[in-house]
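A.B. asks: Predicted model and sequence below, questions to follow.
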Amino acid sequence: MRTTKDRIRHTLLFELFILTMLVPGLSWLLNKPMHMMGGLSLCMGLLAMSINYIYNYAFDHALKRLGKPVYERSAALRGLHAVLFEVILFAISAPAIMYVLDYTFMQALLLDIGFMIAVPIYAFFFNIIYDRIFPISAPSTETVTS
């Protein structure tokens with residue numbers, strides 16, 4: 001399993017790269033001031049980092065309880081992992097989007113649907129790259145003798 005230090009590095013890098021791409025694009029796309037989108041994105045990023053840490057910890061432990069290896073993840077499992085995270089994040093983020101941007105529920109829903117499509121794709125590729133740069137070692141098959 002990943003260490004706490006590795007999970008924190010993963011979360012920080014994930015959010016750093018996505019915020020770098022999101023703020024200028026959202027400001028332009030939604031015709032909102034950069035500082036408004038930056039503040040909202042930063043708050044949402046901090047929220048997402050907190051949820052991400054807890055979610056990934058729980059996901060790894062769930063795999064372990066199910067007898068599945070945590071060091072091998074298929075594309076299907078990575079996809080499921082990303083989609084489940086976005087569903088949880090949506091339930092928390094929609095009210096904040098409505099409040100800050102003065103959006104109706106439908107406007108917030110449409111914006112969040114955009115995120116629910118884009119972020120799992122980003123997460124899928126980010127996690128593949130992250131796993132290659134920072135691999136988890138397979139458990140040793142050696143037995144200890146006394």
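C.D. replies: Received the coordinates, thanks. Numbers count the residues shown, from 1 in each chain.
A.B. asks: Helices of the chain, start to end?
C.D. replies: 4-30, 34-65, 75-101, 105-133 (DSSP state H).
A.B. asks: would JSON lines of the ones you listed with mean neighbour count and mean pLDDT be doable?
C.D. replies: In this view, the C-beta of every residue, glycine as well, is placed from N, C-alpha and C. Output for the helices of the chain, formatted as JSON lines (neighbours: other Cβ atoms under 10 Å; pLDDT from 0 to 100):
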{"stretch": "helix 4-30", "mean neighbour count": "15", "mean pLDDT": "89"}
{"stretch": "helix 34-65", "mean neighbour count": "15", "mean pLDDT": "87"}
{"stretch": "helix 75-101", "mean neighbour count": "15", "mean pLDDT": "87"}
{"stretch": "helix 105-133", "mean neighbour count": "15", "mean pLDDT": "88"}
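A.B. asks: contacting residues around the nearest residue to residue 26 once chain neighbours are set aside?
C.D. replies: The shortest distance from residue 26 to any residue other than its chain neighbours is 4.7 Å, reached at residue 37 (Cβ to Cβ, 6 or more residues apart in numbering). Residue 37 is in contact with 22-23, 26-27, 30, counting by Cβ atoms under 8 Å, 6 or more residues apart in numbering.
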